[in-house]
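Student: Test case, fold it:
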Amino acid sequence: MKRFASAAVGMMVACFAVSSHAADVTGKLGEKGTLAIHAATGSPMLASRFTPVSSGATPTLGFATTTFSEPENCSATTCTARRVSTTGFYINPRIHYFVIDNLSIGGEVLFATFSGESIREVRDRNGGVTRETKEDLDTAPTGFGIMPMVGYNIALGEKFSLWPQGGIGFRRFGYTEQQAAPNPNIDFAEAWWFLNVDVPFLIHIAPHFELGAGPGVTVTLAQSYSTTAGARTDTVSGYSTTAFRWFNAHLIGYF
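Tutor: Numbers count the residues shown, from 1 in each chain. You can find the predicted model right below:
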């Protein structure tokens with residue numbers, strides 16, 4: 001956790017340094033040699049069944065908490081329920097470099113770490129006591145992802161432009177569920193390959209600063225969920241999904 005926090009502080013300091021330097025630099029977005037730092041909502045990196053963040057979460061740098069309950073599972077004599085609380089921290093920057101006028105290459109990365117607590121309740125169906133067990137999730141989800149991207153900025157006058165951009169990305173999340181001895185621990189993992197396209201309409205509201213909005217689409221190329229307990233691994237794969245978003249917000253600084 002401390003490693004991610006240190007990286008985040010370093011990134012923030014670098015961004016402030018870039019902002020102070022940018023005031024002395026002339027030019028506009030899309031010129032050859034321009035470097036753009038891009039924050040966009042709707043990032044596919046932040047949508048996962050294993051994390052407390054969703055595709056509408058704050059981009060680039062985030063902190064999130066969530067609590068959820070599993071359905072109660074009953075036998076002839078007892079009913080068992082579980083509640084899980086997790087806290088997550090992630091950094092998710094997107095950076096572009098214009099190799100020639102209007103043509104950008106770059107990408108988006110994700111680093112995420114989580115911690116949490118699991119509470120298991122066992123209730124006697126015949127009116128007996130309810131036993132509660134708490135467990136720290138020291139092996140809660142961790143994740144990483146990378147998405148190389150290419151884009152082309154289309155000028156629509158002095159104050160407006162359209163910047164279609166897309167890429168193919170990979171993301172993996174995993175966590176371990178501790179089991180009471182002699183049962184082996186259970187490892188869960190999610191791997192996802194996807195195609196993502198964003199088409200932001202940008203307003204050049206100030207030098208070196210762009211604000212925009214536009215649709216985006218994410219298409220699953222390959223996806224798998226695996227569970228490993230001891231020497232046995234069960235994998236479910238082949239899900240094909242398409243997520244379309246009418247509105248993503250975009251904030252861009254360049255120098």
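Student: low-scoring stretches of the stretch 101-250 of the chain, by residue?
Tutor: Low-confidence segments of the stretch 101-250 of the chain, defined by pLDDT under 70, span residues 128-129, 137-141, 178, 180, 238-240.
Student: quick check, Gly157 in a helix?
Tutor: No. Secondary structure assignment places Gly157 outside any helix; it is coil (DSSP: H, G, I helix; E, B strand; the rest coil).
Student: List the residues that contact it.
Tutor: Residues counted as contacts of Gly157 (Cβ atoms under 8 Å, 6 or more residues apart in numbering): none. C-beta here means a position set from N, CA and C on the backbone, and glycine is covered the same way.
Student: Give me the distance between it and Tyr254.
Tutor: 18 Å (Cβ to Cβ, to the nearest Å).
Student: Repeat that for Met45.
Tutor: For Met45, the distance to Tyr254 under the criterion Cβ to Cβ works out to 22 Å.
Student: And Asp136, by the same measure?
Tutor: The value you get for Asp136 to Tyr254, if Cβ to Cβ is used, is 43 Å.
Student: Centre of the chain to the host helix or strand of Arg83, how far?
Tutor: With elements taken from DSSP states H and E, the one containing Arg83 is strand 78-92. With Cα atoms, centre = their mean, to the nearest Å as the basis, the distance from the averaged C-alpha position of strand 78-92 to the chain average is 17 Å.
Student: Also stretch 165-179?
Tutor: For stretch 165-179, the separation from the chain centroid amounts to 9 Å (computed by Cα atoms, centre = their mean).
Student: Same question for stretch 108-117.
Tutor: Relative to where its chain is centred, stretch 108-117 has its mean C-alpha point 8 Å off (Cα atoms, centre = their mean).
Student: For that stretch, buried residues please.
Tutor: Residues of stretch 108-117 classed as buried by neighbour count (16 or more other Cβ atoms under 10 Å): 108-116.
Student: wait, doesn't Cys79 sit right on Glu72?
Tutor: Yes. In this structure Cys79 lies within contact range of Glu72 using Cβ atoms under 8 Å: 5.2 Å.
Student: Which stretches in the stretch 1-150 of the chain count as strands?
Tutor: 35-40, 60-69, 73-74, 78-92, 94-100, 103-124, 130-136, 142-152 (DSSP state E, counting those that start in this stretch).
Student: other SSEs contacting the third one?
Tutor: In this structure, strand 73-74 packs against strand 78-92, with contacts taken as 3 or more Cβ pairs under 8 Å, 6 or more residues apart in numbering; DSSP states H and E.
Student: ok, now the first one?
Tutor: Secondary structure elements in contact with strand 35-40, counted by 3+ Cβ pairs under 8 Å, 6+ apart, are strand 94-100, strand 103-124, strand 242-254.
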